[in-house]
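K.L.:
Fold the following, please.
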Amino acid sequence: MSTHSLREVTERYDYRLTPYLQSLLADRPADDPLARQYLADARELQTLPYERVDPIGDRAHSPVKGVVHRHPDRVLLKVAHACPVYCRFCFRREMVGSHGEPLRAADLENAIDYIRMQPQIWEVILTGGDPLVLSPRRLQEIMAKLSAIEHVGILRLHTRVPLVDPETIDEALVQTLKRRLPVYVVLHVNHPDELTDPVVMALARLQVRGVSLLSQSVLLRGVNDSAAVLERLFRRLVTLNVKPYYLHHPDLAPGTGHFRVSFETGQALMRSLRQTLSGLCLPTYVLDIPGGFGKVPVNADHVGPMTNGGRQIQDIRGALHHYPE
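P.N.:
Alright, predicted model coming up:
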C-alpha cells in the first residue's frame with residue numbers, strides 16, 4: 001500500500017498498535033492472519049452502499065448517554081471511548097477513538113442512576129472502547145458503584161487488552177475486578193497465534209483471582225475462515241479454561257467488506273466443527289441484526305435463503321428484516 005493510501009486510511013479510521021503488538025507483528029507479512037487484523041489496508045476506503053455507521057443499532061437503544069438497553073435484563077455501559085489498538089474490522093469504528101466522546105463524570109453518574117432505577121437489569125456489560133484502558137482506580141470506582149446496586153447480579157467486561165497488552169494485566173488491575181458479584185471477562189480473540197506465552201500468563205493472573213473467562217471471535221476472511229484454524233483456536237481456549245462464547249458473523253461496518261464471508265461459509269464451518277469438537281469447545285455462531293434488533297443464531301430458523309440480493313433474517317420476536325449479502 002502506498003504511503004498516500006496509508007495516510008488516507010489512518011486519517012479516516014483511527015490506527016494504533018501497542019509496543020507488544022508491534023513486536024509480535026514485526027516479522028509477519030501484511031497478509032498474515034494477525035497483521036490483517038491490525039494493519040491499515042487501502043480497501044478500508046471502499047464503503048459499500050449498505051454499510052452503516054452504527055451497524056448493530058446502538059443508538060436506537062440508548063436511553064441515556066453511555067447506556068445501550070436492548071434487552072430487558074441487561075445493559076451495555078460504554079465506560080471508555082478509546083482502545084489500546086484499533087481493529088480494522090471494528091463495528092464501532094465510527095464511535096471510538098477520535099470519533100467517540102468520553103463519558104464524563106456527570107454522564108457516568110447519570111448512566112449508573114439509570115441502571116439503579118431499572119430493577120429488571122440483572123447484568124451490566126462494561127464495554128466501549130475497551131474498559132480495561134481505564135486506570136485501576138477509575139475502574140474500581142465504577143465497579144464498586146455497580147456492585148452496590150441490589151438488583152445487579154452479574155458484571156461482564158468485554159476486552160482486547162489481555163491479548164494486545166498483556167503486561168498491563170497486573171496485580172493492581174486484577175484486584176480491581178474482585179467483587180461480591182460474579183465477574184466475567186469476555187476476551188476478543190480471533191486466531192490461535194494470539195495466545196502467546198505473555199497472554200497465557202495474563203489470563204492466569206485473572207483466573208487465580210476468581211475471574212471467569214469467556215471468548216468471542218469474529219469470523220474474518222483471511223484470518224480464521226478455516227475449520228482447522230477455528231478448531232485450533234477453540235481447543236486452545238478450552239485448555240486455558242476459557243469458554244468459547246460467541247462466533248460473530250461480521251457486521252456491516254464501513255470499509256470492512258474485504259473481511260466479510262458468506263453465511264454459507266460460516267454455516268459450513270460450524271457443521272465441520274460440530275463433527276470434530278465437543279460442545280464445550282463450540283461457540284454460538286451469531287448475527288447482530290442491523291438496526292438494533294438483537295443477536296440471532298445463524299441457522300435455518302433465523303436466516304432465510306438468498307432472494308433479491310439479500311436474505312430475510314428473523315429476529316427473536318419473529319419480525320423479518322432484509323440483510324444485504
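K.L.:
CA only for contacts and neighbour counts going forward, please
P.N.:
OK.
K.L.:
unless I'm mixing things up, Glu241 is touching Leu213, no?
P.N.:
No, residue 241 isn't Glu; it's Asn. Yes. Contact status for Asn241 versus Leu213: in contact at 7.2 Å, counting by CA atoms under 8 Å.
K.L.:
the strands in the chain, which residues?
P.N.:
Listed in chain order, the strands of the chain (DSSP state E) span residues 67-71, 74-78, 123-127, 154-159, 183-188, 212-218, 242-248, 284-288, 295-297, 303-307, 310-314, 320-324.
K.L.:
Pipe these into JSON lines and attach mean neighbour count per row.
P.N.:
Listed next are these as JSON lines, based on neighbours: other CA atoms under 10 Å:
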{"stretch": "strand 67-71", "mean neighbour count": "20"}
{"stretch": "strand 74-78", "mean neighbour count": "21"}
{"stretch": "strand 123-127", "mean neighbour count": "22"}
{"stretch": "strand 154-159", "mean neighbour count": "21"}
{"stretch": "strand 183-188", "mean neighbour count": "21"}
{"stretch": "strand 212-218", "mean neighbour count": "22"}
{"stretch": "strand 242-248", "mean neighbour count": "22"}
{"stretch": "strand 284-288", "mean neighbour count": "21"}
{"stretch": "strand 295-297", "mean neighbour count": "18"}
{"stretch": "strand 303-307", "mean neighbour count": "15"}
{"stretch": "strand 310-314", "mean neighbour count": "19"}
{"stretch": "strand 320-324", "mean neighbour count": "16"}
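K.L.:
If you average pLDDT over each of the ones you listed, which is lowest?
P.N.:
Mean pLDDT values for the strands of the chain show the minimum at strand 303-307, a mean of 86.
K.L.:
which ones are touching Leu181?
P.N.:
Residues in contact with Leu181 (CA atoms under 8 Å, 6 or more residues apart in numbering) are Ser147, Gly153, Ile154, Leu155.
K.L.:
Name the nearest of those residues relative to Asp14.
P.N.:
Asp14 has its nearest neighbour among the contacts of Leu181 in Leu155, at 28.7 Å by CA to CA.
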